[in-house]
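# coords please:
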Amino acid sequence: CKNISLDDSLTDDDNETTVFMFTLPGWQIALWTMVYSFVVIASIVGNVTVIWIILAHKRMRTVTNYFIVNLALSDLLMAAFNTVFNFIYASHNVWYFGKEFCRFQNIVPVTAVFVSIYSMTAVAADRYMAIIYPFKPKLSATNTKVIVGIIWLVAFGLAFPQCFYAEIIVSDDGMTKCTVDWPGDIGGKHQLTYHIAVIVLIYLMPLMVMFVTYSIIGITLWGNTFPGDEANRAYYQHRVTAKKKFVRTMVVVVITFAICWFPYHVYFILGSFREDIYNQKYIQQVYLAVFLLAMSSTMYNPIIYCCLNQRFRSGFRIAFQWCPYIKATERDSLKLTYPPPFQKIHKNQPTTKSNSIYCSLIK
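Residues are numbered from 1 along each chain as shown. Reported below is the predicted structural model:
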């Protein structure tokens with residue numbers, strides 16, 4: 001998560017130093033601009049719609065969905081600021097936006113990615129507690145806001161060093177660069193240590209936690225039967241099926257995030273050990289492709305919600321009913337407004353260990 005300069009000194013056969021500056025032809029910049037513009041627009045429209053669906057409909061205002069709002073907000077921040085300005089910097093190899101915005105650009109990526117992945121982790125933890133420990137008190141709205149606030153504070157704290165040490169420099173060829181100048185960083189050791197710590201904290205560790213959490217949830221949801229009479233079994237099965245669908249949705253979100261960001265992290269780790277890769281002929285196109293894949297993660301979540309979740313799908317129909325071929329029905333409005341009727345457990349239903357399991361699954 002850093003800005004890089006793509007021009008460097010190369011040595012010719014006569015051992016004379018020349019400057020090789022990476023520039024793209026106009027037609028290539030135009031193609032990259034169209035692709036990046038699509039990603040940014042899709043991300044902004046999709047995440048704003050997700051936020052509206054949750055905040056504008058009372059039934060959608062759950063603890064889990066508040067974390068999804070937080071995730072959508074961080075993706076919105078990433079798309080609107082980091083994607084646009086870093087693309088301009090990477091494609092033109094010149095920083096046009098001044099020192100203060102250079103510092104801002106160095107705090108946005110780490111902050112947004114941290115908030116994104118720890119919002120996903122919070123969703124996983126909330127579902128884990130609701131299913132595995134159903135009789136423990138659920139998170140209140142106040143506690144949820146506190147957790148969201150802590151996530152943002154820790155994210156800012158982790159990103160602050162890059163912001164603090166961000167500097168504007170002018171290279172030998174007169175080009176303005178936005179870089180992070182670590183004090184006393186001999187051989188780039190401080191920079192490497194920071195990036196490894198960031199990758200562990202915002203990628204490896206939360207992914208491991210979510211892998212374990214969703215594995216336990218999956219074993220619980222898919223590995224139990226439901227005692228009782230036929231009516232109650234049908235009701236519980238319906239509720240558990242809904243929970244399975246939500247778990248599938250979040251697992252797809254997590255896997256998509258992991259795939260999109262993996263090449264980006266590998267790129268900078270390799271660059272920290274072998275800076276000569278930045279001198280390769282096609283490295284600018286490679287960086288733009290890797291960066292595009294990472295930034296595209298901000299647009300996939302709304303698509304995943306719409307495809308795999310009925311209530312979000314209804315919300316998207318309502319939001320875009322002004323578009324041709326998209327029709328919102330009264331049923332879509334009901335899904336976002338009224339909860340399903342509650343069916344009580346029969347009084348003569350036996351109280352067993354199995355009952356406690358399926359009671360946990362429907363909560």
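
# and whatever helix or strand residue 195 lives in, what does it pack against?
Using DSSP states H and E, residue 195 sits in helix 189-199. Applying 3 or more CB pairs under 8 Å, 6 or more residues apart in numbering; DSSP states H and E, we find helix 189-199 packed against helix 141-164, helix 230-273. From N, CA and C alone the C-beta is placed, and that goes for glycine too.

# lowest average pLDDT across these?
Note on the helices and strands packed on helix 189-199: helix 230-273 shows the lowest mean pLDDT, a mean of 83.

# how much does it deviate in direction from helix 189-199?
Using axes from the mean of the first three to the mean of the last three CA atoms, to 10 degrees, the inter-axis angle of helix 230-273 relative to helix 189-199 is 170 degrees.

# count of residues packed around residue 156?
Residues lying near residue 156 (other CB atoms under 10 Å) number 15.

# one more: residue 172?
The tally of other residues near residue 172 (other CB under 10 Å) stands at 9.

# try the one 3 residues further on
Burial of residue 175 is recorded as 16 neighbouring residues (other CB under 10 Å).

# just checking, it touches residue 93?
Yes - contact criterion CB atoms under 8 Å: residue 175 and residue 93 qualify, at 6.5 Å.

# which among the helices and strands packed on helix 189-199 is found nearest to residue 180?
helix 141-164 (5.3 Å; CB to CB).

# quick one: list the elements packing against that closest one.
Applying 3+ CB pairs under 8 Å, 6+ apart, one finds that helix 141-164 contacts helix 63-77, helix 98-132, helix 189-199.

# show me which residues of that helix are buried.
144, 147, 148, 151, 152, 155, 158, 159, 161, 162, 163 (16 or more other CB atoms under 10 Å).

# can you give me the angle it makes with helix 189-199?
Angle, helix 141-164 to helix 189-199, by the same axes, to 10 degrees: 160 degrees.

# so what strands line up beside the helix or strand following helix 141-164?
Using DSSP H and E, the helix or strand that follows helix 141-164 towards the C-terminus is strand 166-170. Using DSSP bridges, strand 166-170 pairs in its sheet with strand 176-180 (antiparallel).

# contacts for the strand it pairs with?
2-5, 89, 94-97, 102, 105-106, 162, 165-171, 191 (CB atoms under 8 Å, 6 or more residues apart in numbering).

# which of the helices and strands packed on helix 141-164 comes out lowest on mean pLDDT?
Here those differ in mean pLDDT, and the lowest is helix 189-199 at a mean of 87.

# from the chain's centroid, how far away is that one?
On the basis of CA atoms, centre = their mean, to the nearest Å, helix 189-199 sits 21 Å off its chain's mean C-alpha point.

# what sits up against that helix?
With contact meaning CB under 8 Å, 6+ apart, helix 189-199 is reached by 1-2, 110, 158, 161-162, 180, 182-185, 265, 268-269, 272-273.

# can you give me the buried ones in it?
Judged by neighbour count using 16+ other CB under 10 Å, the buried positions of helix 189-199 are 190, 191, 192, 194, 195, 198, 199.

# now residue 66: closest residue in space, sequence neighbours ignored.
Nearest residue to residue 66, sequence neighbours excluded (CB to CB, 6 or more residues apart in numbering): residue 144, at 5.2 Å.

# list the contacts for that neighbour?
63, 66, 67 are the contacts of residue 144 under CB under 8 Å, 6+ apart.

# if we use 10 Å, what do you get?
Going by CB atoms under 10 Å, 6 or more residues apart in numbering, residue 144 touches 62, 63, 64, 66, 67, 70, 122, 126, 138.

# same for the strand or helix carrying residue 86, what does it pack against?
Using DSSP H and E, residue 86 sits within helix 84-92. Using 3 or more CB pairs under 10 Å, 6 or more residues apart in numbering; DSSP states H and E as the contact criterion, the elements in contact with helix 84-92 are helix 26-55, helix 98-132, strand 176-180, helix 283-308.
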